[in-house]
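3D model of this:
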Amino acid sequence: MFTRSYSLATILLVACFPAVAQEKPKLNVLYIVSDDLNNQLGCYGDKTVKSPRIDELATRGVRFDRAYCQYPLCNPSRSSFLTGLRPDQTGVLENSTQFRKNIPDAVTLPQLFQKAGYFVARVGKLYHYGVPTQIGTDGLDDPPSWMAKFNPRGRDREDEPKIFSLTPGNFGGTPSWLAADGEDREQTDAIGAEMAIKLLEEHKAGPFFIACGFYRPHTPYVAPKKYFEMYPKDKLPLAEQKPGDLDDIPQPALVSRRRDMDERLTREARQAYFASISFMDQQVGKLLDALDRLKLADRTIVVFHSDHGYHTGEHDGMWQKQSLFEESARVPLIIAAPGMKANGKSTASITELIDVYPTLAALCGLEAAPGLAGESLVPQLTDPDKTGKGFALTQVRRGGGGMAKGKNKEKAAMAGFPGYSIRTDRWRYTQWDGGSKGEELYDHTTDPHEFTNLAKDPARADVVARLQRELKEIVEK
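Numbers count the residues shown, from 1 in each chain. Below you'll find the model as predicted:
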């Protein structure tokens, strides 16, 4: 009798507390980062670039239309969003410093998931790698961040002697390109996608945090020939220009201009950059197809973003990065989280890449590391009309940092002067060396391409003063 009564009581206890008996499975994370990708994507309204698989991802999640990096250079940006800290907090302002030299006890985003019992792995470029010379190596990786790591290397490394470069022999720091022979599967990013898919297959029981970092469209712009054929050079539109655009812009803002590209080279470079985007887009699609095939889509958060934006000829010949203009500071960001009310929509909320860390922590029910600089984007994933904090801060250095050469990059970075830019709903305000080397103010309601600098307009003096105060508060926080 005692045994029977005990069994009945046990049954009743389980019935009253079903959550104890059936714990809800943890959400997985597939974290995809592209290298040097701007917002020239179909889902962001671009009429030229073909990006059907990233566009598809946007229909599954929330597209952040005004997301910004914290530093438009690979190592500072990646150190920032993977630690959830601003570049002034990490102390990483160039491409040679590994962030743990400055903040050895930082708990990175992947570390947080390790502590929570997730399988955590990296494929390709998440922390900084010199491209293309460090492809296939660990680069400036952070070993504590990962339980497993994989460094794909494809024929794009072996084809380097065939690559055309504006600066012969320099492929990573200058526009360079190759319409490659062979098939997708021979290229580094395609190999990386297959490695990530194998990890998904092996760890489909979860929970997992798998990060896949693609190298394209970073220069050299290398992709199989069929992707180049998608963009006939003579039909490609060029970046919009305005006579006198540079007349009111401070000199520190213009370091990314190239004077060695005529219209023919500009068209060839844009063709190659767009081809590299479309090639990378197809690799993203392979990952999405794997999620569907493995029936992981309804329990896996997918995050896609770039490390920073990219110029393709704006402002009379600006190329690549390290500017504080919209094209360089703005990034694509898509978050597809199962069950979010805003999935399939977009949000105009001003967003920063440092917001991704607290967002993923919140979505997965984890307690984020203390002192993070960003804010969770879960409110925007629920209601795209939520405004959030209302600003984004992007910074660079001049006279040092990524502009420095040789063995003294770190010292040069500290010897230079800063540029800070705050982006609000309406305005972009940029300050060089505290204003002593110039200021910029652009009204995005009337001037989305940032052609007219209003910083010295007496009618905007109150706006400049207000943004100066806001910028100072953010920088000194």
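
List the contacts of Thr351.
64, 66-68, 333, 377, 380, 388, 392 (Cβ atoms under 8 Å, 6 or more residues apart in numbering). For the C-beta atoms, the positions are set from N, CA and C on the backbone; glycine is no exception.

and which of those is nearest to Gly124?
Leu333 (18.8 Å; Cβ to Cβ).

which is the next helix or strand following the helix or strand where that closest one lies?
Here Leu333, judged by DSSP states H and E, is contained in strand 330-336. Using DSSP H and E, the helix or strand that directly follows strand 330-336 along the chain is strand 346-347.

starting at the chain centroid, how far to that following strand?
Chain-centre distance of strand 346-347: 17 Å, with Cα atoms, centre = their mean, to the nearest Å.

That one: partners in the sheet, and parallel or antiparallel?
The strands beside strand 346-347 in its sheet (DSSP bridges) come out as strand 62-68 (parallel).

hmm, back to that, and the contacts of the strand holding Leu333?
So strand 330-336 is in contact with 34, 37-39, 41, 43-44, 54, 57-58, 60-64, 66-69, 301-309, 343, 351, 353, 356, 359, 377, 381, going by Cβ under 8 Å, 6+ apart.

hey, where'd the strands end up in the stretch 51-200 of the chain?
Along the stretch 51-200 of the chain, counting by DSSP state E, counting those that start in this stretch, strands occupy 62-68, 119-124, 148-150, 164-165, 176-180.

Make JSON lines out of these and add mean neighbour count, distance to Val475 and mean pLDDT.
Compiled in JSON lines, these are given as follows (neighbours: other Cβ atoms under 10 Å; distance: least, Cβ to Cβ, whole Å; pLDDT from 0 to 100):
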{"stretch": "strand 62-68", "mean neighbour count": "25", "distance to Val475": "15", "mean pLDDT": "98"}
{"stretch": "strand 119-124", "mean neighbour count": "24", "distance to Val475": "31", "mean pLDDT": "98"}
{"stretch": "strand 148-150", "mean neighbour count": "15", "distance to Val475": "35", "mean pLDDT": "98"}
{"stretch": "strand 164-165", "mean neighbour count": "18", "distance to Val475": "37", "mean pLDDT": "96"}
{"stretch": "strand 176-180", "mean neighbour count": "23", "distance to Val475": "36", "mean pLDDT": "98"}
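
Figure out which of these is closest to Ala455.
It's strand 62-68; of these, that one is closest to Ala455 (Cβ to Cβ) at 19.7 Å.

now that closest one against strand 330-336, angle please.
150 degrees (axes from the mean of the first three to the mean of the last three Cα atoms, to 10 degrees).

Just the CA trace of strand 62-68, in PDB.
Only the C-alpha atoms of strand 62-68 are listed here, as PDB (Å, rounded to 0.1, in the frame of the first residue of the first chain):
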ATOM      1  CA  VAL A  62      14.700  41.300 -38.600                       C
ATOM      2  CA  ARG A  63      16.800  43.500 -40.900                       C
ATOM      3  CA  PHE A  64      18.500  46.400 -39.000                       C
ATOM      4  CA  ASP A  65      18.500  49.300 -41.500                       C
ATOM      5  CA  ARG A  66      20.700  51.600 -39.500                       C
ATOM      6  CA  ALA A  67      23.400  49.500 -37.800                       C
ATOM      7  CA  TYR A  68      26.900  50.800 -37.400                       C
END
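
Show me what it is in contact with.
For strand 62-68, contacts defined as Cβ under 8 Å, 6+ apart pick out 43-44, 305, 329-336, 340, 342-343, 345-353, 377, 380-381, 384, 392-394, 423.

tell me the pLDDT at Ala348?
Per-residue pLDDT puts Ala348 at 98.

Which residue, other than its chain neighbours, is closest to it?
Leaving out its chain neighbours, the residue that sits closest to Ala348 by Cβ to Cβ, 6 or more residues apart in numbering is Asp65, at 5.3 Å.

Quick one: mean pLDDT for the helix or strand hosting Trp319?
In this assignment (DSSP H and E), Trp319 forms part of strand 319-320. Across strand 319-320, the average pLDDT comes to 96.

List the strands paired with that strand, with their directions.
strand 311-312 (antiparallel).

Can you check what pLDDT the model gives Ser5?
Confidence score, pLDDT, at Ser5: 38.

Please apply the same query to Phe171.
Reported pLDDT for Phe171: 88.

Now do Gly435: how many residues are near it, please.
Other residues lying near Gly435 total 14 when counted by other Cβ atoms under 10 Å.

And for Gly285?
Neighbours of Gly285 (other Cβ under 10 Å): 17.

Then the one 4 residues further on?
Applying other Cβ under 10 Å, we find 12 residues neighbouring Asp289.

Quick check: phi and psi on it?
Backbone torsions for Asp289, taken as degrees, to the nearest 10, come to phi -60, psi -40.

so where's the stretch 351-477 of the chain uncertain?
400-415 (pLDDT under 70).

which stretches of it form strands?
Under DSSP E, counting those that start in this stretch, the stretch 351-477 of the chain gives strands at 351-352, 392-398, 417-423, 427-432, 439-443.

In the sheet, which strands lie alongside the fourth one, parallel or antiparallel?
I take that to be strand 427-432. Strand 427-432 has these strand partners (DSSP bridges): strand 417-423 (antiparallel), strand 439-443 (antiparallel).

what sits up against the strand holding Trp319?
Against strand 319-320 from outside (Cβ under 8 Å, 6+ apart): 36, 175, 219, 256-258, 261, 269, 310-313.

ok, Gly169 - how many residues close by?
Gly169 has 9 nearby residues by other Cβ under 10 Å.

ah, wrong one, I meant Thr387
12.

residue contacts, His305?
32-34, 67, 331-334, 353, 356.

if I look at it, how far off is Leu82?
Distance, His305 to Leu82, by Cβ to Cβ, to the nearest Å: 12 Å.

sorry, back to before: quick one, which of the contacts of His305 are buried?
Neighbour counting by 16 or more other Cβ atoms under 10 Å classes 32-34, 67, 331-334, 353, 356 among the contacts of His305 as buried.

Pick the one among these closest to Thr108.
Val356 (12.0 Å).

hang on, that closest one packs against Ser80?
No - Val356 is beyond contact range of Ser80, at 10.4 Å (criterion: Cβ atoms under 8 Å).

Tell me where the longest strand sits in this structure.
strand 208-217 (DSSP state E).

I'd like to know the average pLDDT value across that strand.
98.

For the residue sitting nearest the centre point of the chain, list each beta-bridge partner.
By Cα atoms, centre = their mean, the chain has its centre lying nearest to Ser306, at 2.4 Å. Counting by DSSP bridges, Ser306 forms beta bridges with Ser34.

related to what we said a few turns ago, in its sheet, what does the strand holding Leu333 sit against?
For strand 330-336, pairing defined by DSSP bridges yields strand 62-68 (antiparallel), strand 300-306 (antiparallel).

Give me the angle between that strand and strand 392-398.
140 degrees.

Output strand 330-336 as CSV, nothing but the C-alphas.
Output in CSV follows, covering the C-alpha atoms of strand 330-336 (Å, rounded to 0.1, in the frame of the first residue of the first chain):
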residue,chain,number,x,y,z
ARG,A,330,27.2,51.5,-41.7
VAL,A,331,26.9,47.7,-41.8
PRO,A,332,24.3,45.1,-42.7
LEU,A,333,22.9,43.3,-39.7
ILE,A,334,20.2,40.6,-39.7
ILE,A,335,19.0,38.6,-36.7
ALA,A,336,16.7,35.7,-37.3
